[in-house]
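[1] how would this look folded up:
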Amino acid sequence: MNIYNTYANTAVEELKLTFGQVREIGNKIKAYPNKLDKVFYLSIQDDLSTEYDLILEKYLTLKGKADEAEAVTMLAVKRQHDDNSNKVNQKVLEAEVLVEIKDILTSENVLESWVKITKNYLQTCRSHVTAITGREESDNENS
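    Predicted coordinates:
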């Protein structure tokens, strides 16, 4: 299980710079005085889209690894209890599994929160652009 926890810690470490960039962009959005500056919000939206793609890709990969870690760990814990002739209920098994894979689950939660934060900033930019132009940017592609 150490492999999964190492992977999880590495995934978060690799994105720390990206998290900092998202935080800076969010601060720019909050502090920007001209709420009707379409160019500003479109450029910020472009920057955020890049960061969002990086975080989302890493999150989805980590989520898959977390599911895999949970399944593998559950089998190992069940086998260990079967070998010891210990009959335990499902809640005890799940608790033991959670202890074994806590790092990857924590990392998954961290990445999920950054996906949501970045998505919210993107939505803020889109809302400003929509308020300025009176229509969604995607409508331009359909016209």
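
[2] How about the secondary structure of the residue sitting furthest away from the middle of the chain?
    The outermost residue of the chain, judged by C-alpha distance from the chain's mean C-alpha position using CA atoms, centre = their mean, is Ser85 at 40.0 Å. Following DSSP: H, G, I helix; E, B strand; the rest coil, we place Ser85 in the coil state.

[3] Can you report phi and psi for it?
    phi 60, psi 30 (degrees, to the nearest 10).

[4] Only the buried residues of the host helix or strand of Ser127, if you could.
    Of the helices and strands defined by DSSP states H and E, Ser127 is found in helix 102-133. Residues of helix 102-133 classed as buried under the neighbour-count rule (16 or more other CB atoms under 10 Å) are 103-105, 107-108, 110-111, 114-115, 117-118, 121-122, 124-126, 128-129. Just so you know, the C-beta spots here come from the backbone N, C-alpha and C atoms, and that holds for glycine as well.

[5] which strands and helices sit next to that helix?
    Applying 3 or more CB pairs under 8 Å, 6 or more residues apart in numbering; DSSP states H and E, one finds that helix 102-133 contacts helix 2-14, helix 16-31, helix 38-83.
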